[in-house]
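Chemist: Build me a model:
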Amino acid sequence: MQNILNGIKKFLMNKNTVTILGVLAGIAVLYIGYNWRVKQAIDPQKVPYAKVEISSRTLITEDMVGYTTVSAEMLKNNPNIVRNSGLIVGKYVSYGTTIPENSLFYSQSLMTEDEMPDSAFADIPDDYTIYSLAVNLHTTYGNSIFPGNYIDLYVKLTNDEGDVVFGKLIESIEVLAVKDSQGNHVFETTVESRQPAELLFAVPNEMYSLLMKSGYIGYGLEIIPVPRNASYSANPGETIESSEYIKNFILSKTVILPEETNTNSKTTN
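Modeler: Model (predicted):
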C-alpha cells in the first residue's frame, strides 16, 4: 500500500505531470465558463408581445398582450424592451406610433394618459380658449404644418370699397394639433395617410373672440395659415395681433355685447 502511495506522490511531483494537469485544468475552466456564457446568452426569457396591431393613442388592455420567449442576449442588447405586462396594460400607445402585431413592447412607445398630446388642451392657461381653424391639404402646404410649430395667420378680405386686403392678423401662434375630419391626429401614424381638416390653437379669450367673429362677417374673409422656418419655432415671440386695420375692420362689423351678471337679491321689509 505504501508503495502505491509513494508511486502516486512521485507521479504528482513530476514536472511533466504538473504541466499536463495544469493544461487540463485550464481547459476545464474554459469549457465550463464557455458553456455558462452560452447558456446565459441563449437561456429563453418570457416577455410580453402585441397579439394584435395597436394603433396610436389606443388604450392597451390585457387581451392585446401575450407572452413569448426571447434570448437573454437580446434583452441585454435592448434595455428598452418592457419585460412585465404590468408596465404595459393600462397605458396608451405613444403619439405617432403604431405597435405591429407580434411586436415586442418598447418603453418609448408607451405613455400614460397624462402624457398623451391631447392632455395639453387640459393644461391651457386661465383665460385661454381652444380655437379651431379649418384647413385642407393645400392650405397646410401639403401637410407641412406640424404640432409645435409657430406660424402666422394672415387674412384676405374685400373691404367696403371693393379693395382686396391681405395682411398678417396673428403673429407667432403655436399649433397644438393637426387633426383630420374624424378628430384623429394627422401625424400619429404612418400606417395610413390622413388629410388635415383643422389646426388647433390655444389663444387668449379676446383673441379667440376676434378670430371667431372673423368667420361670420362675410366680405370673402379667409384666414390663411403661413408656416415659417425652424428658427421661428425654436425662438418664438409673443403671440400678438399684428394688424390694427384688419382687427378694427372685423370689430366694426360686429356688435359688442355687454357682460351680464345674474344676481339673486332678497328684499327685506
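
Chemist: CA only for contacts and neighbour counts going forward, please
Modeler: Fine.

Chemist: Could you list the low-confidence segments of this structure?
Modeler: The chain contains residues with pLDDT under 70 at 1-25, 29, 31-42, 96, 117-122, 188-192, 257-269.

Chemist: Given the longest strand along it, what are its sheet partners and their directions?
Modeler: Longest strand in the chain, counting residues (DSSP state E): strand 164-174. Its sheet considered, strand 164-174 pairs with strand 150-158 (antiparallel), strand 240-241 (antiparallel) by DSSP bridges.

Chemist: in it, what's buried?
Modeler: 166-174 (16 or more other C-alpha atoms under 10 Å).

Chemist: which residues sit in contact with Gln45?
Modeler: Contact analysis of Gln45 by C-alpha atoms under 8 Å, 6 or more residues apart in numbering lists 69-72.

Chemist: ignore the last one, Pro236
Modeler: 150, 172.

Chemist: can you redo the contacts of Gln45 as CSV with distance to Tyr216, secondary structure and neighbour count?
Modeler: Output for the contacts of Gln45, formatted as CSV (distance: C-alpha to C-alpha, whole Å; DSSP: H, G, I helix; E, B strand; the rest coil; neighbours: other C-alpha atoms under 10 Å):
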residue, distance to Tyr216, secondary structure, neighbour count
Thr69, 61, strand, 12
Val70, 61, strand, 15
Ser71, 63, strand, 15
Ala72, 64, helix, 17
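
Chemist: Quick one: those as a markdown table, columns for distance to Glu62 too.
Modeler: Shown next, in a markdown table, are the contacts of Gln45 (distance: C-alpha to C-alpha, whole Å):
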| residue | distance to Glu62 |
| --- | --- |
| Thr69 | 18 |
| Val70 | 20 |
| Ser71 | 24 |
| Ala72 | 24 |
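
Chemist: Give me the neighbour count for Pro100.
Modeler: Residues lying near Pro100 (other C-alpha atoms under 10 Å) number 16.

Chemist: which residues touch it?
Modeler: Residues near Pro100 by C-alpha under 8 Å, 6+ apart: 50, 52-54.

Chemist: next structured bit after the helix or strand containing Leu200?
Modeler: According to DSSP states H and E, Leu200 maps onto strand 198-204. Using DSSP H and E, the helix or strand that follows strand 198-204 in sequence is helix 205-214.

Chemist: Residues contacting the strand holding Leu200, please?
Modeler: By C-alpha under 8 Å, 6+ apart, strand 198-204 touches 121, 124, 127-136, 173-181.

Chemist: same question, stretch 175-194
Modeler: 55-56, 95-98, 120, 145-151, 195-202.

Chemist: rerun at 7 Å
Modeler: 56, 95-98, 146-150, 195-201 (C-alpha atoms under 7 Å, 6 or more residues apart in numbering).

Chemist: Tyr131 in helix, strand or coil?
Modeler: strand (DSSP: H, G, I helix; E, B strand; the rest coil).

Chemist: thinking it is in contact with Tyr208, fair?
Modeler: Yes - contact criterion C-alpha atoms under 7 Å: Tyr131 and Tyr208 qualify, at 6.4 Å.

Chemist: what's next to the helix or strand harbouring Ser231, contact-wise?
Modeler: Ser231 belongs to helix 230-234 when assigned by DSSP H and E. The contact list for helix 230-234, computed with C-alpha under 7 Å, 6+ apart, reads 149-150.

Chemist: which non-adjacent residue is nearest Leu59?
Modeler: Tyr92 (4.5 Å; C-alpha to C-alpha, 6 or more residues apart in numbering).

Chemist: and Ile130, what does it touch?
Modeler: Contact partners of Ile130, counting by C-alpha under 7 Å, 6+ apart, are 200-203.

Chemist: Out of those, flag the one nearest to Ile88.
Modeler: Leu200 (29.9 Å; C-alpha to C-alpha).

Chemist: What degree of burial does the closest one show, as a neighbour count?
Modeler: For Leu200, using other C-alpha under 10 Å, the count is 18.
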